[in-house]
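**Student:** Need coordinates for the below:
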Amino acid sequence: VVGTSLLLALSILAGVLLVSLQGMLLAMEGQSEEQIIQALADLADDDGYLVWSMVLGALVSVLGGHIAARIAVIYPYFNGLAVGLLSTLVGFAFWSELPLWFNLAGIFVTPACCVLGAHLAVLRPAASAAP
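**Tutor:** Numbering: from 1, shown residues only. Coordinates of the predicted model:
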């Protein structure tokens, strides 16, 4: 639950930062307030934005899986996978708002990155114990 909550909170934060950055870039280009508002409203159709969103989402998923595995010492991979699956289920709430390719990629990327994060958590104690 903590890992999933963290993943969702960080995903929201990453999304806000990405939209803010996009807005600042548009403002630096000299676009009007109305143009910026329209461009930000159309971000769900911008493949470049969606790819960056997926990259940030993947990094956040690795962190969420890592935290879940560190907190729940027993069954770290299961906990990482659980975070990924719960987060994917939450993502279904936004299914109709985003392109199909993005949604389908998220179904596979989110759980895989969470398990990767759990794996990194499992490796961490071994790395710190090395001479």
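**Student:** C-alpha from now on. contacts and neighbour counts both.
**Tutor:** Will do.
**Student:** Give me the distance between Ile67 and Met54.
**Tutor:** Distance, Ile67 to Met54, by CA to CA, to the nearest Å: 20 Å.
**Student:** Looking at the two, which has the bigger crowd around it?
**Tutor:** Ile67 (24 against 19; other CA atoms under 10 Å).
**Student:** okay, now the residue nearest to the more buried one when sequence neighbours are not counted: neighbour count?
**Tutor:** Nearest residue to Ile67, sequence neighbours excluded (CA to CA, 6 or more residues apart in numbering): Gly3, at 5.8 Å. For Gly3, the number of neighbouring residues by other CA under 10 Å comes to 27.
**Student:** quick one: average pLDDT of whichever helix or strand Gly3 is part of?
**Tutor:** Here Gly3 sits within helix 2-28, counting by DSSP states H and E. Helix 2-28 shows a mean pLDDT of 85.
**Student:** Could you list every helix and strand in contact with that helix?
**Tutor:** If contacts are counted by 3 or more CA pairs under 8 Å, 6 or more residues apart in numbering; DSSP states H and E, helix 2-28 sits against helix 33-41, helix 47-71, helix 76-91.
**Student:** closest one to Leu98 among the ones you listed?
**Tutor:** helix 47-71 (9.0 Å; CA to CA).
**Student:** what about that closest one, average pLDDT?
**Tutor:** So the average pLDDT for helix 47-71 ends up being 91.
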